[in-house]
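> any chance you could fold what I've pasted below:
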Amino acid sequence: MSELICVGSIAGAFGVRGELRVKSFCARPTDLEKYSPLLTEDGKQSFDLSLIGQVKNGFSARIIGVNSKDEADLLRGISLFAERENLPTLPTDEFYYSDLIGMQVSDTGGSILGKVRSVLNHGADDLLEITLEGASDTALIPFTKAIVPTVDLASGCIVVDPPEGLL
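Modelled structure (predicted):
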């Protein structure tokens, strides 16, 4: 399991004094600042972030040391990571996306279908993008309890029960 979990991203500058527009991926969006200092994926940069207010599709925020629009623009697109030890323990039926990446996926009969390539969320249910075994194709599987009845983090295996014709 990854020691860093993606909890947000910087969408760009907000104003001319170094404020930023940030997106939170936390269950409670305002928790983003609780995990400060936030890190880049490689852990080489650290950001002391504080939320200022809510804006369309996210929050306005300040990062210590960012004092101009140009400095804020340079941070656009950076994903913000928190150390796993600073995050809350999840209930048994919830998972961090990063923990699912690379897990083996099989059907209810035990046949291996492939591996999780990514977890997508476009506003409705989450989708598991599966790289199919022996192929370069991928398949999208709705990440619902009915279709994905078992996620076993300890063994690194996900069991799916896809409806007829999905794969």
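> next one: the helix or strand bottoming out on mean pLDDT in the chain to chain centre, how far?
Among the helices and strands of the chain, helix 97-100 carries the lowest confidence by mean pLDDT, DSSP states H and E, at a mean of 88. Here helix 97-100 is found 8 Å from its chain centre; the criterion is Cα atoms, centre = their mean, to the nearest Å.
> next secondary structure element downstream of that helix?
strand 104-107 (DSSP states H and E).
> any idea how far the residue sitting furthest away from the middle of the chain is from Asp161?
Here the chain reaches farthest from its C-alpha mean at Gly109, the gap being 29.7 Å by Cα atoms, centre = their mean. Gly109 is 10 Å from Asp161, where distance means Cβ to Cβ, to the nearest Å. Just so you know, the C-beta spots here come from the backbone N, C-alpha and C atoms, and that holds for glycine as well.
> now the residue farthest from the centre of the chain: phi and psi?
phi -90, psi 0 (degrees, to the nearest 10).
> what's the domain layout of this structure?
Following automatic domain parsing, the chain resolves into domains at 4-86, 97-160.
> mind giving me a markdown table with these and columns for distance to Leu167?
Listed next are the domains of the chain as a markdown table, based on distance: least, Cβ to Cβ, whole Å:
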| stretch | distance to Leu167 |
| --- | --- |
| domain 4-86 | 28 |
| domain 97-160 | 5 |
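> most tightly packed of those domains?
Comparing those by mean neighbour count (mean count of other Cβ atoms under 10 Å), domain 4-86 ranks first with a mean of 17.
> about what we covered before: can you check the pLDDT for the residue farthest from the centre of the chain?
For Gly109, the model assigns a pLDDT of 90.
> try Asn57
84.
> how far away is it from Gly77?
From Asn57 to Gly77 the distance is 15 Å (Cβ to Cβ).
> same check on Pro163?
For Pro163, the distance to Gly77 - Cβ to Cβ - is 36 Å.
> likewise Phe59?
Taking Cβ to Cβ, one finds Phe59 at 17 Å from Gly77.
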